[in-house]
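Colleague: All I have is the shape, not the residue letters:
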Ligand code: GLC
């Protein structure tokens, strides 16, 4: 099998094929050639190799591969020869299906697992997927087709599916539009979009994965193709959903649900999850373009500590460098970076620096010299270097799709790491070039030995840059966890980095978009995401900034950032009234830190998204298909942020079951809407009945205080609810060797008792010995407490909010609180 570039040979068509309807014209230059798309013809036979079945129409071939019980991959080879297996998104396609069957009938073939069946219609070569109740979940509208024609610019592959009237769609990464994307059309082509607008497309990332819900059943389509891809969700035609690419192979995974959560977890099983970030990375981060010189950064740090506003990370944007040369310092602004970073760290601040891919063309600059000598920079088709202007002026750009270049790039961080830098922010990696936008399509890339032009490599360039950064830092940090952020990325980028949504705007609509984009990223595989709090360009007023801080508390990654030509944007910049509220909410983030960290573990280990939109919580409730204003963080805390100026109350829908108002601890009935007050110093937050929510004592930064005890808020429930809690060293990879504690709590009550059970796994032993458990919402005044069979003598009086506090050893197995 050979790798073909984007212009394969034109096919030859038999007279029979021509008569069967492939449309052709007589071209005076190259004779008969198709000007329209070529469709698969009837199936003439099949072969099987392990878990793959190859169906042929005489010239084209289609592979149906059973990946697991719920995942089936489809590939098309128009001329019968498949490209060599290679994907940046799916590094290793593990074979997980053990049992499957194959049946042939007069009309069709059927490849079936315990959960799904893939049917291939013999006459039309139409492919469809059924669940094990024989319900068709997803089916071709027309057969897969392609186009290879110089007049039309090359080679395109297409897939068109049927779309039913009630079908809704989600996913595709960072699209700044309504959460349900039915009726819309998109493309994936990573683009630097300064001050982007609602509905603008494309933005910075390329995530060709979507989720459909048809008749209450969720399924996913992951179109693993790094070329420019296009999606149409019943926009052009209400009964069609199409996806196509400007090159490469038509290769997609059908991922079965039936719940949206199953689909996302299975997508993670293909493309990976985020590794555990260092715990400090979950604190509050302060960024701006740019904090310099050193005195400015120091006074920023002092302000945080003097004002008692928690903060874990301060950022250096491009001005810390010498003439924007990556891996250098501007010694005028930062004369002794090592000393400065150490002093900041002593005060609990980590320093994160920006890095861009553009390397200044300067023969006196070591990075450029090395890159040039080693031939690590990208070249055009005529072998001339790819040059473009970015911050430093004339630049050349490493080819991160070359493993040797990635290795080299990783070593370049040595100086910064020796100086004490704790995290690296990867920017402009779409790649962005001033004037032209990006690289011309003819730029050549090594593509890990599967050479290709920029048409193939563009969408993965940023991901490979941050991969090189992450892997390099990991080696330099030894056993410590690196922290990286990236602006661009392709599916699977979550294995290497967190993501922020780029250059947004200080407006109320962007605040709402920020919430939608984070939810969308979360169901698209990228859980560790955040937005520039306050908006990057433009000027927020105090109210907007504060509402954004409130949303930020429940963004997996929480960072305020602003453009250089805006007014200062720190939590205290808008006056005392706002400062106090901002402090209260940033403190909330720190109190909830163990809950937030546990949600990260659930993501990392089990593939749960961190943010869960309403449609994922209750897929069967039709109104939830378009509900985009609320979500849960993890599976216990529901947030309904405020997106309107001056809003004093809002209607909040709570899913079925029982809930508690986080602030007042008032019990609330789910399955309906509630009118909730929204004064500026509050935001609607609800906790599921039965939840066990861990809390830390207030800290100014992660690790400031050694825990002597851990507190849990336990919300009474009369039906059984599981919660879990995760803990580890917070900054090493020991968790990969099972050095962690994962605790499971089960809460169940009735009119006269509340029982809490705990089980634990993992090898990590925290230093503290006791728990303080606060029981909320007990329907009775307790009088008896039994821990692991022994009655305890503790005061069980209700406080003013009818809560009761119980102390227990951290290893308890069962607590009974009785009337
Ligand atoms: C880009 C980034 C922005 C950064 C600026 C300067 O616009 O998106 O976050 O501050 O470049 O480096």
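Modeller: Yep, it's here. It should be emphasised that the depicted structure is a prediction, and the values quoted were computed from it without experimental measurement.
Colleague: Let me see the contact set for the residue nearest the centre of the chain.
Modeller: Nearest residue to the geometric centre of the chain (Cα atoms, centre = their mean): residue 526, 0.8 Å. The contact partners of residue 526, by Cβ atoms under 8 Å, 6 or more residues apart in numbering, come to 173, 205, 207, 274, 489, 493-494, 499. Bear in mind the C-beta positions are built from the backbone N, C-alpha and C, glycine included.
Colleague: Looking at those residues, spot the one nearest residue 285.
Modeller: Distances from residue 285 to the contacts of residue 526, taken as Cβ to Cβ, are shortest for residue 499 (13.7 Å).
Colleague: hang on, that closest one packs against residue 485?
Modeller: Yes: counting by Cβ atoms under 8 Å, residue 499 touches residue 485, with 6.8 Å between them.
Colleague: so what sits against both of these two?
Modeller: residue 557.
Colleague: Mind checking which of the two has more residues around it?
Modeller: Neighbour totals were compared for residue 499 and residue 485, and residue 499 leads with 31 against 26 (other Cβ atoms under 10 Å).
Colleague: List the neighbouring strands of the helix or strand that one falls within plus their orientation.
Modeller: Element membership for residue 499, per DSSP states H and E: strand 498-500. Strand pairing for strand 498-500, using DSSP bridges, gives strand 483-486 (parallel), strand 529-530 (parallel).
Colleague: These: which one's closest to the ligand?
Modeller: Smallest distance to the ligand across the strands paired with strand 498-500 (Cβ to the nearest ligand atom): 9.6 Å, for strand 483-486.
Colleague: Could you identify the helix or strand that succeeds that closest one?
Modeller: As assigned by DSSP H and E, the chain's next helix or strand after strand 483-486 is strand 489-490.
Colleague: hmm, that next one in reach of the ligand?
Modeller: No: judged by Cβ under 6 Å from any ligand atom, strand 489-490 stays clear of the ligand, getting no closer than 13.6 Å.
Colleague: got the residues of the stretch 451-600 of the chain near the ligand?
Modeller: 487, 502-503, 561.
Colleague: before we move on, what about the chain?
Modeller: 194, 289, 317-318, 354, 427, 487, 502-503, 561.
Colleague: Pull out the buried members of the residues you listed.
Modeller: 289, 317-318, 354, 427, 487, 502-503, 561 (16 or more other Cβ atoms under 10 Å).
Colleague: List the contacts of residue 220.
Modeller: Listed by Cβ under 8 Å, 6+ apart, the contact partners of residue 220 are 171, 209-212, 253-255, 257, 263-264, 266-267.
Colleague: Just name the closest of these to residue 111, please.
Modeller: Nearest to residue 111 among the contacts of residue 220, with distances taken as Cβ to Cβ, is residue 254, at 11.1 Å.
Colleague: Show the contacting residues for that closest one.
Modeller: Neighbouring residues of residue 254 by Cβ under 8 Å, 6+ apart: 71-74, 116, 118, 129, 138, 219-221.
Colleague: Show me which of the residues of the chain next to the ligand is closest to residue 787.
Modeller: Lowest distance from residue 787 to those (Cβ to Cβ) belongs to residue 561, with 47.6 Å.
Colleague: Now the residue of the chain found nearest the ligand. Its backbone dihedrals?
Modeller: Here the chain gets closest to the ligand at one residue, residue 289, 3.6 Å apart by Cβ to the nearest ligand atom. When read as degrees, to the nearest 10, the backbone of residue 289 gives phi -100, psi 100.
Colleague: my guess is it contacts residue 569, does it?
Modeller: No: with contact defined as Cβ under 8 Å, residue 289 does not count as touching residue 569 (10.3 Å).
Colleague: quick one: common contacting residues for these two?
Modeller: By Cβ under 8 Å, 6+ apart, the residues touching both residue 289 and residue 569 are 561-562.
Colleague: And the next helix or strand past the longest strand seen in the chain?
Modeller: Longest strand in the chain, counting residues (DSSP state E): strand 136-149. Using DSSP H and E, the helix or strand that follows strand 136-149 in sequence is strand 154-162.
Colleague: what residues does that following strand touch?
Modeller: 6-8, 37, 76, 78, 138-142, 144-148, 221, 223, 225, 239-250, 252.
Colleague: Filter those residues down to the buried ones and hand me the ChimeraX line.
Modeller: Buried subset of the contacts of strand 154-162, written as a ChimeraX selection, criterion 16+ other Cβ under 10 Å:
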select :6,8,37,76,78,138,140,142,144,145,146,147,148,221,223,225,240,241,242,243,244,245,246,247,248,249,250,252
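Colleague: The longest strand of the chain: partners in the sheet, and parallel or antiparallel?
Modeller: strand 38-39 (antiparallel), strand 127-131 (antiparallel), strand 154-162 (antiparallel).
Colleague: Could you point out which residue ranges in the stretch 201-350 of the chain have low pLDDT?
Modeller: Judged against pLDDT under 70, the stretch 201-350 of the chain has no low-scoring part.
Colleague: Mind checking the pLDDT average for the helix or strand encompassing residue 473?
Modeller: Element membership for residue 473, per DSSP H and E: helix 454-476. Helix 454-476 carries an average pLDDT of 98.
Colleague: Where does the prediction get shaky in this protein?
Modeller: 1-35, 97.
Colleague: Domain boundaries for it, per the record?
Modeller: Following automatic domain parsing, the chain resolves into domains at 15-271, 279-357+407-606, 611-679, 706-818.
Colleague: With distance to residue 696 as extra columns, can I get the ones you listed in TSV?
Modeller: Listed next are the domains of the chain as TSV, based on distance: least, Cβ to Cβ, whole Å:
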stretch	distance to residue 696
domain 15-271	28
domain 279-357+407-606	5
domain 611-679	15
domain 706-818	7
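Colleague: what's the spacing between residue 679 and residue 576?
Modeller: 16 Å (Cβ to Cβ, to the nearest Å).
Colleague: Please say which of these two ends up with more neighbours.
Modeller: Set residue 679 next to residue 576 and count neighbours by other Cβ under 10 Å: residue 679 wins out with 11 against 8.
Colleague: With adjacent residues omitted, what lies nearest to the more buried one?
Modeller: residue 648 (6.7 Å; Cβ to Cβ, 6 or more residues apart in numbering).
Colleague: How about residue 51?
Modeller: Residue 51 sits nearest to residue 66 (Cβ to Cβ, 6+ apart), 4.5 Å away.
Colleague: and that neighbour, bridged to which residues?
Modeller: Taking DSSP bridges as the rule, residue 66 bridges to residue 72.
Colleague: I'd guessed it sits against residue 111; true?
Modeller: Yes: between residue 66 and residue 111 a contact is recorded at 6.3 Å, counting by Cβ under 8 Å.
Colleague: Please enumerate the shared neighbours of the two.
Modeller: Here residue 66 and residue 111 share the contacting residues 72, 100, scored by Cβ under 8 Å, 6+ apart.
Colleague: Let me see the contact set for the residue nearest to residue 679.
Modeller: Going by Cβ under 8 Å, 6+ apart, residue 648 touches 677-679.
Colleague: make it 10 Å
Modeller: If you count contacts by Cβ atoms under 10 Å, 6 or more residues apart in numbering, residue 648 has them with 642, 677-680.
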